[in-house]
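> I'll drop the sequence and a predicted model, then ask my questions.
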Amino acid sequence: MATVWTLLLAVLMAGPAAGTSKKLIRIDGDIIFGGIFPMHESEHNGSSSGCGAVKEEKGVQRLEAMLYALDAINNDPTVLPNVTLGAVILDSCSSAPYALEQSMEFVRNFMNPDLSEYKCARGESPQFNPHKPVSGVIGASFSVVSIMVANILRLFKIPQISYASTSTELSDKSRFGFFSRVVPPDNFQAQAMVDVVSALGWKYVSTVAVEGDYGERGIQSFVQLASQNGICVGVSELIHRKAHPDEYDRVVLRLSQRPKARAVVMFVDEDNIRKLLAATIRANLTNHFLYVASDSWGAKNYPVKGQEGAAEGAITILPRKNNILEFDTYYKSLRPNLTECKSLRRNEAQADGGQINCRNIWFREFWEQHHSCSLTPKPGRKPCSGKETLRAYEQEGLVPFVVDAVYAMARAVHELVIDKCGAPFRLCDRVKPAPPGSELLEYIRNLTFRGRQGTEIRFNKDGDAYGSYHIYQYQRNGSKFDYNRVGSWEKSLDFDKGKTMWSRYYPGTMNRPPVSVCSDECPKGHIRNYQDNCCWSCVPCPPNAYANNDTCHPCAVGWAPTLDRADCYKIKPTVLGWDSPWAFVPLAYTCVMVLWTVMTVTVFVRYNSTPVIMASGRELCYVLLLGCTLCFCTPVVLLARPGTETCFVSRIMPGLALSICYSAILTKTNRISRIFNQGARSIRRPACTSPRSQVAICSALVMIQVVVSAVWVYYEPPSTHELHTALHTVMLTCAESTESLMTSLLFNFMLIAMCTLYAFKTRKIPENFNEAKYISFTMYSTCIVWLAFIPIYFGTTDHKVRTCAMSMCVEISATVVLGCLFVPKVYLVIFQPYKNVRQNHIQSGRGMKFAGGASRSERAQTTGLQSSQLQQSQISSATPSGPATASATPSTPADGPASARQQLQVPQLQQQPQTPPPKSPPRDALVLKAADLVQAAPQPAALPKKTPPPVLPRQKTIDKERAPLPPQDLELPEIPQFNHHSPVAATESLASLEGSDRELPCCRATMDLFPGGMEPDEESSNL
């Protein structure tokens, strides 16, 4: 405020000098409007005038627009009828200090000068004829000038209406209470520019502002709004008011150092725009920058004149306007005055339709500059004829707003005069010499009318016009350049990308906008890792998370991110059912193996009483077949849809099926081991070797597994569980822990280990005892299967793989049992029935040791020799005195053992009490097999034929635990006659003897130890 008053006093002291200066236009009238325009550029070369070249568009056109509006109002009977409007028009020279000095002319008449100090030469009182005061001021153009002028006008309550100042600072009514404008403030313009940048997809821009309120506050508004719309500013540059040409080069260089920020948002006046484009050409960057300029560029030709190529593609903003065609006619008709005009109030018409411009004191200067001639003779310059025409004229963008501002002021005065003076319309004393400024301001703020350009004029509470803009692009059309409208903005953007042209940046294309981003948008499911406010790198979120606000949010259990990774959705559980491709192989295998098992059971039942089946231990075989069947059915349960019942069965069945199989095998191997170990130490029969005992032992072992499974079910009740197998996959499975499963299978692993141990221990038993050999192979194969299963099962977390691995492991284990223990027997029974006889299943074997400690062959030879001697002595003693020797007469063949018994010839043994029997053989010598007796028996060829067999008394069965020795006087039955050329017939005869009531004590004791039977070795096969 002190500065304002200081300048005011300085101006008042220089009042007379100022009055004689020709730096203003004064037009008399009943009501005086002030006007201030940038008629000249600011001069920085030390010129005494402080002004540079004439500004053709912002200066001359706008000033003439005000004069045109005054003429139109004076000729309009509806606005201020019978009232003549005058004007006081000043030149701001595009400089705020200069404009402040000039604006003192507006307030001079509001001051009361002290005339007592002045005396006339004749002593008369001085006469003072002041000019009429200014009712209101139109202007200024630049915001910084309007701010300086508004500070002065506010002191004297003079309303002010600007046609071009858009600074948001002027909306502060506490400082600029008498300021209004017909153009929207920069915050609307900044919003429009932000919307344009967003529509073009530019997210990384640079900014350039001119020093002062207009540029700095405009860019500030843009940056604030841009940050809210995700637009980043890479670099911001400021051009000083008195910038040296080198500074523009430095600005362009700093802009080029951010090559990705190609878009440049500019709040720069037209003079600096021109200099900046020139620096761009010098830096050879005309095809790099994409300009988005404010209304100071608008649709003017001056900033781009002579450097159109550097400005091609620029997007410019201009308040919505429509050209006033009458003004074009008026402006083109103006001619400079070659001589003095008769009056300064109006122009003088000419016969050719033109008119001499007598009011605009700067028009002659403009004419000379525009046509490069001189109206006064000057050396080196051509003279002006005054008949030249304006070349390349285009109505300046804010000319319509100058007209609207003058009309707004006139209409406000009109309404005030009507209210204050009444009808008829006249200027009463209440509005003379000028209407009160405070009252006139209220009428201005309440105005609503349609201006000369056809748009509605009204003001908000801050005295600002509502935002409405046209958007232009500077385009090349052949060899010409022009501004083409590509959109508009009024509260929201209406932008037509199809009208934009970018062929300069993308040859061969028309409307594809260039790219101005620091970093590309991150793909779906990625977040930004910011390097600074505008640049980032993309970091992917975890597969089970979605991205929101540059943060990864994990989905809850049972949920998965959507395809666009913007949210989570509930996953529908799937099941590994019977129709799954994973279930095809296990279930197909189940069908085949169950059918195979049924066939095996059928064969065993059909040939249940044959030697092969009987020798295999029928009871445990059926138990094994039951276990195999359950093993083959296990995949049906494991692959069924999970449920409480299904999960219960799936827990019990695998362990139970395996325990049945391996309990039976363990019982078999244990029995064989105990029998052979017992035979090496004693002739006592081992305990619990009967079929019933074997089944009982097997059942007890199975019950252990049942108890383990029951405890597992009790402490971990069967239930279902949703298992996340993949990102978007949830499987419904039975809830069971790996530890519990292994606990359930631990007992079966123990059974397998024990079976394998017993199989290893019995590996050296007689080679013709095939049961032990097959059991050994079964257990070795089983161990390999389960050793392969463990890494497969525990090496993956895929439920499908685990389930199929468990199913196939159980099935393969049962297949090994079925193939190794049952296939050989079934094959022999069906395809080799001639081997299904007793001969091949009598227990003998090379190298087997018995209770006496000697080998079986040694004992057979000793026993055979003793028996032969005993028999010969008995026969020799009976031959002389006994009856005729009887011979066996073959009877009619019959089925079963009776037939074999009829074929057996037993000689009549005679007791010889006179001859004492030989010394009884040792007790151990009685432990003989029937086959050994057959081998040791002498050839009964000398016996008389056709002697009927004697009827032997029934002998008691020898105790199985310990065979008693025969008494001294026991007559042994005579060894039957065998066919030396038919081992099969001999064996059948022996089998018939074993099945008859006549039993050999020594043979029966040993046969009871091995009811399963053994195949004869090579020695016994020679019989």
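Happy to help now that I have it.

> the stretch 501-650 of the chain: helices as residue ranges?
Applying DSSP state H, counting those that start in this stretch to the stretch 501-650 of the chain gives helices spanning 581-606, 611-615, 618-638, 644-681.

> mind checking pLDDT for the closest residue to Phe37 other than its chain neighbours?
Nearest residue to Phe37, sequence neighbours excluded (C-beta to C-beta, 6 or more residues apart in numbering): Leu63, at 4.7 Å. For every residue, glycine as well, the C-beta is placed using N, CA and C. The confidence metric pLDDT takes the value 95 at Leu63.

> roughly how far apart are Leu63 and Leu24?
For Leu63, the distance to Leu24 equals 11 Å [C-beta to C-beta, to the nearest Å].

> compare the two (neighbour count), which wins?
The neighbour comparison of Leu63 against Leu24 (other C-beta atoms under 10 Å) goes to Leu63, with 28 against 18.

> how about the helices of the stretch 501-650 of the chain in JSON lines, adding distance to Lys761?
As requested, those are exported to JSON lines (distance: least, C-beta to C-beta, whole Å):
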{"stretch": "helix 581-606", "distance to Lys761": "28"}
{"stretch": "helix 611-615", "distance to Lys761": "21"}
{"stretch": "helix 618-638", "distance to Lys761": "19"}
{"stretch": "helix 644-681", "distance to Lys761": "5"}
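
> let's have these in CSV, adding mean neighbour count.
Formatted as CSV, the helices of the stretch 501-650 of the chain follow (neighbours: other C-beta atoms under 10 Å):
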stretch, mean neighbour count
helix 581-606, 16
helix 611-615, 20
helix 618-638, 22
helix 644-681, 22
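
> just for the stretch 451-600 of the chain, where's the confidence low?
In the predicted model, the stretch 451-600 of the chain carries pLDDT under 70 at residues 506-511.

> so where do the strands sit in it?
Applying DSSP state E, counting those that start in this stretch to the stretch 451-600 of the chain gives strands spanning 456-458, 469-477, 480-489, 493-495, 526-530, 536-540, 545-548, 551-554, 559-561, 568-570.

> any idea how far Arg254 is from Ala405?
As judged by C-beta to C-beta, Arg254 and Ala405 stand 38 Å apart.

> ignore the last one, Val134
For Val134 relative to Ala405 (C-beta to C-beta), the value is 14 Å.

> helices of the stretch 751-900 of the chain, residue ranges please.
Under the criterion DSSP H, counting those that start in this stretch, helices of the stretch 751-900 of the chain are mapped to 770-794, 799-821, 823-831, 856-878, 897-903.

> can I get the second one in CSV, CA atoms only?
As requested, C-alpha coordinates have been extracted for helix 799-821 and formatted as CSV (Å, rounded to 0.1, in the frame of the first residue of the first chain):
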residue,chain,number,x,y,z
HIS,A,799,-3.1,-84.6,-3.7
LYS,A,800,-3.8,-86.3,-7.0
VAL,A,801,-0.3,-87.7,-7.2
ARG,A,802,-0.4,-88.9,-3.6
THR,A,803,-3.8,-90.5,-3.9
CYS,A,804,-2.9,-92.3,-7.1
ALA,A,805,0.5,-93.4,-5.7
MET,A,806,-1.1,-94.8,-2.6
SER,A,807,-3.7,-96.6,-4.7
MET,A,808,-1.2,-98.1,-7.1
CYS,A,809,1.2,-99.1,-4.3
VAL,A,810,-1.4,-101.0,-2.5
GLU,A,811,-2.6,-102.7,-5.7
ILE,A,812,0.9,-103.6,-6.8
SER,A,813,1.7,-105.1,-3.4
ALA,A,814,-1.4,-107.3,-3.7
THR,A,815,-0.5,-108.1,-7.3
VAL,A,816,3.0,-109.3,-6.2
VAL,A,817,1.3,-111.6,-3.6
LEU,A,818,-1.2,-112.9,-6.0
GLY,A,819,1.3,-113.4,-8.8
CYS,A,820,4.1,-115.0,-6.7
LEU,A,821,2.1,-117.2,-4.4
